[in-house]
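*Asks:* 3D model of this:
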Amino acid sequence: MLLLLFALGCSPKLKVSPKQTPHYNIYEDIILTHMGDWVQTDIHIPSGAIVAIMAQGKLRYIPDGSYYQSPSTLRFRIGKYGREIHLRSGQNQDNPTMVNIVKISQDGLLYFSIGRNFPKPSLFKSFKKATVIVWPQESETYINEDIIILKQLRPDLKRQIGAFPFLLPDCYYLSGEYEKANKLLIPLRQRYAWNPWVFIMSAAVESQLGRFGKANTFARIAVDDYNRSGNKRMEGIAQTYLARTLSNLGRYEEAIKISEKAINNGQEVKSGFITGHGHYWLGHNYLMLNDFTASLENTRKAISFFEEWNSGGFLADCYVNLGMALFLTDQYNEAKQIFKSALEVGRTYALPEPTWRAHSRLGRIADKENRMQEAFAHYLEAIKIIEEMRGKLGDSDLKSRFLEMRLQVYEWMIGLLVGINQPDDALHFLERAKARSILDMLQDKSLFSENRDETELLTRERDVRRRIDRLSFSHKLDLSEGVAGKETEENRNRLTELGRLRGEHRALLDKISLSNPELASLISINPLKSDDIKKLLDSDTVLLEYFISTEKNVIFVVTREKILAVPFQASQERIFNKIEDFRREAVDKVPLDQLTNTHYLRLLADLYDILIKPVENEIAAKKHLVIVPHSILHYLPFQALRSMENGKGRYLIESFSVSYLPSASVLKYARIKNKGNLESIFAAGNPETELLPIPAAEQEAKEVSDLFNEKLVLIGKEANESIVKDKAPEYDVVLLSTHGEMIDSDPLTSNLRFFSSKDDDGKLTVNEVFNMEIKANLVTLSACETGLAKGETGGFPKGDDLVGFSRAFIHAGAPSVVVSLWKVSDDSTTELMRRFFKNLQNMPKAVALQKAQVDLMNLNLRYSLESGGRGLTLSPEDQAGLIFIQSHPYFWAPFILVGDWR
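*Replies:* Coordinates of the predicted model:
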């Protein structure tokens, strides 16, 4: 079945014939006798394939005839310059499993090597044979069912095949496909709760997904289980993962103690792998504590262990750690060389995490040394890798968390581009960093058609687009330093395939455009370039997009004519404190005395000076402001910022109409969806719930609905959740006047309250809204805090501001949503809504809201401190109550317009 060819002066080559099945190719009984050098087989592994390597047999030490068994002696790689991979032993060192599963990032021939790390391989004789299974990328979904069949077909490989389910999550973990790994681990934790290794892998995956609390829990379970069983080796491995999770939680001293325990266990069982990892995490945590001497010492020890064991993948992480310590002690030249080593190892072993980190730090060094072109190139490569990894995630919350942990390189890129006066490119990278999840979700939601032919075209377009992305990324890596030119034939083939795919993609787009132009326009809901943003603005509008970071704060000013990047001087801490002080003083659970004082005016004036004054000249001639907030600015009502010219205060809303966007790029989607339809209304007011009734909401719904000829008004028990979900999508305007419940700990379960029926629980959640399909031109949520995303207090990702009712309704199809930023007053809300909808009969949405807010701030009404359904409420009986002037922003400023302002 095989033939070993040895020719004088040539590397040995191995010919193997496959057995083909519908899903995979299997190469059986590959006899491996050659020691030392690499042996090339004729087994071709396509890019994106999953490859399983299984081995049996031992080595004999010729001088004394003893037998030697270690999985690390047999190694393989794909392609002449591919990464070197060894087999896994499993948890039983005396009877190792000898199997591994990997995902291949580029195609090539399979190579084997035995005993490359031996001083004298010729002193050993091999009695090993291998089996190789190759699943092409298109067959990846069949792996689990194939494993079940393989167990029955190959009882001689039962142990190795039985290890597949445990190795597949690690395979996806190493390829950066963390969500796939997580989905495989969930049933494993249920079925194999007795196996601590499942919890070790779960800790690793959860760490990369940013869920550090869960990661810590899983790591502790593994440590405790191995401790009880007395397995020192596996306990040591689990302790290194526990050290990692503690470090991610900022508990560095605890992580150091656990790392020291891991080192002790590693030394006791004579495992350089465990000892090396212990020193790595000691080095990392000392780095976090700014003890650079201890960090350098321990990281270098880790490197010596991993170099001795030829553990290249772990070396990349060590080099990044060492480079960081050198960088932070201003040893830039040494750091540069170390990061280059990390880059080389990361590329060789196809490890995206250390590769992007090394690129980002090399960019940072070049940035500090004013080598801007080099810095840009490294930052760009880092961002490409991050976005390639992020693209493999499907869950929006996971995408948000994933990007949040990797935002710093975007911040550095934006700072660099602003510094060299390239505001257009800087804004584009800001758009790439923020609100990406909603863009992804809008695109996925939009790409749907009831036409069967169109659906097939969309499926093909999505598949070709993803193949282009993967191939482009692979080609970029191949052209990196140290690899270019070594396999020029593969590079040429890849470029040819890229050209073919791009041509196929253009043809598909043309077909979709001919069939459905609107659908075609929605395919490319990606971060817009600045020129595209400018085209969406009219001559009276200016867009202000904010960027806040620890190093540089910038306001991007975009008009139809130009784009500017205007730095503003204020520390991140100062901005946070001012906004938190304003909310505490003026709008969050305000007591009586705070509604009668004017302390908040100074705070609003300070915030105006920080956020608006730097661009006053640029906005002076405009009529409408579009605010794209960033970070905690999502909690600030910009319309209430107050200038103090000539000693007289003036709110921003008195000079401009104001609207908001989660991302400038979302405007393209909102503009497409805005059909100008405002003829009919669906209104639900004062639904019967277990909470306090809201009589003002009932009045509000009825009065507003009277302005429309076609209407459906639901009050009390009529306003049940099922009817709202069923009927609201059919109307041009939706008004929901009810209670809102914001849940920071689980934002997707934040909800609007309605009457509950046998078919529902009466809670319309953010998650349910995301799944709705509505035709409304305007949705107004006359409830408390419906404009808050999963915020700073709830831990929303700073760059990917996703979860909230405004995003949910935009995703459901509404181009414009009116929501509130704090708990509102019943009576002022009713008055505001009455005026807003009346103005809407002959004014654009933003102007209608502006006029309603300005009118309301000039009214005087008598209020008591009685608690109503949504906040303070008018008390006609208490004529002796206090008078609160409506100019207080608590009453007129909570509601904002998100989306298209026209």
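*Asks:* Quick one: mean pLDDT for stretch 235-242?
*Replies:* Throughout stretch 235-242, pLDDT has a mean value of 96.
*Asks:* go on, stretch 891-900?
*Replies:* For stretch 891-900, mean pLDDT is 93.
*Asks:* Dump that stretch to CSV, keeping only the CA atoms.
*Replies:* Extracted in CSV, the C-alpha atoms of stretch 891-900 (Å, rounded to 0.1, in the frame of the first residue of the first chain):
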residue,chain,number,x,y,z
PHE,A,891,-38.6,66.9,32.4
TRP,A,892,-37.9,67.9,28.8
ALA,A,893,-34.5,66.2,27.9
PRO,A,894,-34.9,62.5,28.5
PHE,A,895,-36.1,61.6,25.0
ILE,A,896,-33.8,61.3,22.0
LEU,A,897,-34.3,60.4,18.4
VAL,A,898,-32.1,57.6,17.1
GLY,A,899,-31.8,56.8,13.4
ASP,A,900,-32.9,58.8,10.4
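*Asks:* which parts of that stretch are buried?
*Replies:* 891, 892, 893, 894, 895, 896, 897, 898, 899, 900 (16 or more other C-beta atoms under 10 Å). For glycine as for every other residue, the C-beta is placed from the backbone atoms N, C-alpha and C.
*Asks:* what residues are up against the second one?
*Replies:* Spelled out, it's residue 892. Going by C-beta atoms under 8 Å, 6 or more residues apart in numbering, residue 892 touches 828, 832, 853, 856, 857, 886.
*Asks:* which of those residues are buried?
*Replies:* Judged by 16+ other C-beta under 10 Å, buried ones among those: 828, 832, 853, 856, 857, 886.
*Asks:* among the residues you listed, which are in helices?
*Replies:* Among these, DSSP state H puts 828, 832, 853, 856, 857 in helices.
*Asks:* so where's the stretch 751-900 of the chain shaky on pLDDT?
*Replies:* Where the stretch 751-900 of the chain drops to pLDDT under 70, the residues are 783-803, 860-886.
*Asks:* so how many other residues sit close to the closest residue to residue 581 other than its chain neighbours?
*Replies:* Nearest non-adjacent residue to residue 581, counting by C-beta to C-beta, 6 or more residues apart in numbering: residue 603, 5.5 Å away. By other C-beta atoms under 10 Å, the residues close to residue 603 number 21.
*Asks:* which residues does residue 603 contact?
*Replies:* 578, 581, 582, 585, 586 are the contacts of residue 603 under C-beta under 8 Å, 6+ apart.
*Asks:* Can you spell out the domain ranges of this structure, please?
*Replies:* With domains defined by automatic domain parsing, the chain comprises 1-162, 386-481+493-523, 531-651, 667-853+894-899.
*Asks:* What mean pLDDT does the second one get?
*Replies:* Same thing as domain 386-481+493-523. On average, domain 386-481+493-523 scores 71.
*Asks:* Also stretch 322-335?
*Replies:* 95.
*Asks:* List the contacts of it.
*Replies:* 283, 287, 290, 292, 295-296, 299-300, 303, 338-339, 342, 358, 361, 364-365, 368-369.
*Asks:* related to what we said a few turns ago, same list (the contacts of residue 603) but as JSON lines, adding distance to residue 418, neighbour count and secondary structure.
*Replies:* JSON lines is the format used below for the contacts of residue 603 (distance: C-beta to C-beta, whole Å; neighbours: other C-beta atoms under 10 Å; DSSP: H, G, I helix; E, B strand; the rest coil):
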{"residue": "578", "distance to residue 418": "23", "neighbour count": "20", "secondary structure": "helix"}
{"residue": "581", "distance to residue 418": "29", "neighbour count": "16", "secondary structure": "helix"}
{"residue": "582", "distance to residue 418": "28", "neighbour count": "25", "secondary structure": "helix"}
{"residue": "585", "distance to residue 418": "33", "neighbour count": "18", "secondary structure": "helix"}
{"residue": "586", "distance to residue 418": "33", "neighbour count": "24", "secondary structure": "helix"}
